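**Student:** okay, here's the prediction I keep looking at, along with the sequence it came from:
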Amino acid sequence: MACFLAPMATGIVTTVFRKKIPAALKIGWLNIMLWGGVAMLAIEHIAHGAVVFYPPFLTAMQNPADIPVMLQELATVGGTMTIAIVLIWVILVAITSRMPRVSKQVE
């Protein structure tokens, strides 16, 4: 229903504050991972009719009884996906920061 909104919110925050984050953390990688996931999930939700191009945009919002279910999915599924993406990014940054630097040598 709305699970892609959790990584989208994280992506908005990391995109807005990307210039304040040290380059060594490779925030661009995290942004690509987050926004790529959001795009794929949004396309999947559109294809299955969970997201429409007219208000209220999320079909779960049409019936007020479905809103708590949507919020529960947003918190559990969306939160889990966001945490997984961030953990993978942390692992990638940790691995690459420990790799020896290879400099180009001109002979």
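**Tutor:** Perfect, I can see it now.
**Student:** worst-scoring helix or strand of the chain, pLDDT-wise?
**Tutor:** helix 67-73 (a mean of 89; mean pLDDT, DSSP states H and E).
**Student:** in it, what's buried?
**Tutor:** For helix 67-73, burial by neighbour count (16 or more other C-beta atoms under 10 Å) applies to Met70, Glu73. All C-beta spots, glycine's among them, are computed from the backbone N, C-alpha and C.
**Student:** mind listing what's buried in whichever helix or strand comes after it?
**Tutor:** Remark: after helix 67-73, the chain's next helix or strand is helix 79-98, criterion DSSP states H and E. Going by neighbour count (16+ other C-beta under 10 Å), the buried part of helix 79-98 is Met81, Thr82, Ile85, Val86, Trp89, Val93.
**Student:** could you check which helix or strand contains the residue lying closest to the first one once chain neighbours are set aside?
**Tutor:** With sequence-adjacent residues excluded and distances taken as C-beta to C-beta, 6 or more residues apart in numbering, Met81 is closest to Pro7, at 5.9 Å. In this structure, Pro7 sits in helix 5-16 according to DSSP H and E.
**Student:** pLDDT of that helix, averaged?
**Tutor:** Averaging pLDDT along helix 5-16 gives 96.
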